[in-house]
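A.B. asks: below are the sequence and a predicted model; questions follow.
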Amino acid sequence: MTTDRICVGAIAGAFGVQGEVRLKSFCAEPSAIADYGPLYSEDGKTTYKITLTRPVAGGLGARMSGVKTKEEADALRGVQLFADRARLPSLPDDEFYHADLIGLEVRDTGGTVLGRVLSVNNHGAGDILEFSGPGTRGARMIPFTLEIVPTVDLASGRLIVDLPEGLLDDPTP
């Protein structure tokens, strides 16, 4: 699944009283977010020009076009920022944008369909795929490692998982 725009960051709220925002970058090199502009809101209706000002706790300080006051900056808290895919760097064969993984069919090595990828999460210890499908109770999570996910085939819209014994077993009797 490809999309024309990729989420590269989010606004965490105001920083100071002059309309500056605290920006959380999802880029491998956080400051690169300013290189991919203009950035767009999720619906694509609002465009932002970003000027980074300084590193701040939990992100980057930035000025955004059209934002002049603390109240305007606070109103943008939670807004996700998207960049045109064409402006982003090409990735090596073994790396993927999260947006490309969401929606892929998940199959085990025997070809059994386990579900579809719902989201990709990273809480500091590596990417985790969340998926759900027929026969599963709720969403399941697996590490997105080469050992557990040896094949990602974007062209066919699926990935193959080689699950260690018991990884998806239901812990309740």
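C.D. replies: Sure thing, it's come through.

A.B. asks: centroid-nearest residue for this structure?
C.D. replies: Centroid-nearest residue in the chain, with C-alpha atoms, centre = their mean: His98, separated by 5.0 Å.

A.B. asks: against Phe144, how distant is the residue lying closest to it once chain neighbours are set aside?
C.D. replies: Once its chain neighbours are removed from consideration, His98 has its nearest residue in Val120; the separation is 4.1 Å (C-beta to C-beta, 6 or more residues apart in numbering). Where C-beta positions appear, they are placed from N, C-alpha and C, glycine not excepted. Separation of Val120 from Phe144 (C-beta to C-beta, to the nearest Å): 7 Å.

A.B. asks: likewise for Ser25?
C.D. replies: Note on Ser25: its distance to Phe144, by C-beta to C-beta, is 20 Å.

A.B. asks: more crowded one of Val120 and Phe144?
C.D. replies: With neighbours defined as other C-beta atoms under 10 Å, Val120 and Phe144 compare such that Phe144 has more, 21 against 17.

A.B. asks: my read: that one touches Ala125, true?
C.D. replies: No - contact between Phe144 and Ala125 fails when scored by C-beta atoms under 8 Å: they sit 11.1 Å apart.

A.B. asks: surely the residue nearest to His98 is within a helix?
C.D. replies: No - following the definition DSSP: H, G, I helix; E, B strand; the rest coil, Val120 is strand and is not counted among the residues of a helix.

A.B. asks: can you map out the strands along the chain?
C.D. replies: When assigned using DSSP state E, the strands of the chain occupy the ranges 5-14, 21-25, 39-40, 47-48, 50-56, 59-64, 80-84, 105-108, 113-122, 127-132, 140-143, 151-153, 158-161.
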